[in-house]
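Enquirer: Give me a 3D structure for the following:
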Amino acid sequence: MATQSFTSSPIPTKPTLPTITNRQVHLPVIYSRASSGRQKPFSSSVRATLSSAATTAVQPNEPTTYGKSSKTLPFRVGHGFDLHRLEPGYPLIIGGIDIPHDRGCEAHSDGDVLLHCVVDAILGALGLPDIGQIFPDSDPKWKGAPSSVFIKEAVRLMHEAGYEIGNLDATLILQRPKLSPHKEAIRANLSELLGADPSVVNLKAKTHEKVDSLGENRSIAAHTVILLMRK
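Expert: Residues are numbered from 1 along each chain as shown. Model (predicted):
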């Protein structure tokens with residue numbers, strides 16, 4: 001009986017990846033497929049371009065550095081958030097307006113969740129510490145202080161840095177009371193404290209669909225986004 005012999009084909013190897021050493025990039029031979037189906041190496045000019053791009057993109061042994069933010073930026077954006085417990089026996093003050101309710105914010109100052117939130121947004125846009133660091137609740141001089149004091153200081157820092165308010169958008173989150181009857185008074189007072197035209201100050205109010213402490217009338221929260229523009 002005749003014996004058949006078979007010769008195995010060599011197993012194809014994976015293409016060699018680029019080797020990077022001391023800013024030198026060694027590229028493997030790169031092929032393009034012509035219309036005839038045969039592979040042809042790229043021209044030396046194409047290879048030189050690829051080598052230059054790889055060398056520029058990869059810089060070994062060079063640490064990444066981050067520069068400090070510049071006050072000459074044309075605009076800055078800040079976000080603020082605050083939340084307070086609602087407890088019986090405290091006044092409910094929102095945006096400097098006393099809102100009739102059977103509960104109020106338990107806090108070191110007057111607990112104005114909206115003004116605290118706006119202050120944090122301004123400070124954040126300026127790249128400064130938050131309200132708790134600038135006005136710590138461990139300092140007795142802030143005990144029961146009106147939050148308008150904090151707003152005025154934040155506005156002073158904003159002007160000192162050379163910025164003014166482009167626009168502000170705030171959202172209050174509470175289950176009760178309904179704020180619709182008070183929204184315009186709150187917005188007008190907030191605009192006055194900021195020294196901004198009311199047209200650039202927006203205020204929204206949402207319930208929390210009876211979910212968690214906000215929805216159970218045990219707390220109140222606020223979010224604020226602010227745009228500061230260079231004067």
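Enquirer: Just the pLDDT at Pro136, thanks.
Expert: Looking at Pro136, its pLDDT is 83.
Enquirer: And Ser45, by the same measure?
Expert: At Ser45, the model reports a pLDDT of 49.
Enquirer: ditto for Asp139
Expert: So Asp139 comes in at 81 (pLDDT).
Enquirer: can you pull out the helices in the chain?
Expert: Applying DSSP state H to the chain gives helices spanning 44-57, 113-126, 131-134, 148-160, 183-194, 212-215.
Enquirer: Least confident of those, on average?
Expert: helix 44-57 (a mean of 44).
Enquirer: thinking again about what came up before, single out the most deeply packed of the helices of the chain.
Expert: Ranked by mean neighbour count, the helices of the chain are led by helix 113-126 with a mean of 26 (mean count of other C-beta atoms under 10 Å). Bear in mind the C-beta positions are built from the backbone N, C-alpha and C, glycine included.
Enquirer: on contacts alone, who are the packing partners of it?
Expert: Contacts defined by 3 or more C-beta pairs under 8 Å, 6 or more residues apart in numbering; DSSP states H and E place helix 113-126 against strand 75-87, helix 131-134, helix 148-160, strand 163-173, helix 183-194, strand 219-230.
Enquirer: In JSON lines, list the helices of the chain along with distance to Pro88.
Expert: Shown next, in JSON lines, are these (distance: least, C-beta to C-beta, whole Å):
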{"stretch": "helix 44-57", "distance to Pro88": "63"}
{"stretch": "helix 113-126", "distance to Pro88": "17"}
{"stretch": "helix 131-134", "distance to Pro88": "25"}
{"stretch": "helix 148-160", "distance to Pro88": "25"}
{"stretch": "helix 183-194", "distance to Pro88": "22"}
{"stretch": "helix 212-215", "distance to Pro88": "15"}
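Enquirer: which one of those helices lies closest to Val225?
Expert: Proximity to Val225 (C-beta to C-beta) singles out helix 113-126 among the helices of the chain, at 6.6 Å.
Enquirer: can the helices and strands packed on helix 113-126 go into a markdown table with extra columns for distance to His116?
Expert: Shown next, in a markdown table, are those (distance: least, C-beta to C-beta, whole Å):
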| stretch | distance to His116 |
| --- | --- |
| strand 75-87 | 4 |
| helix 131-134 | 6 |
| helix 148-160 | 7 |
| strand 163-173 | 11 |
| helix 183-194 | 12 |
| strand 219-230 | 8 |
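Enquirer: wait, which of these is closest to Asp110?
Expert: When the helices and strands packed on helix 113-126 are compared by C-beta to C-beta, helix 148-160 sits nearest Asp110, at 8.9 Å.
Enquirer: Just the residues contacting the closest one, thanks.
Expert: With C-beta atoms under 8 Å, 6 or more residues apart in numbering as the test, helix 148-160 has contacts from 96, 109, 115-116, 118-119, 122-123, 125-126, 128, 131, 134-135, 164-165, 193-195, 228.
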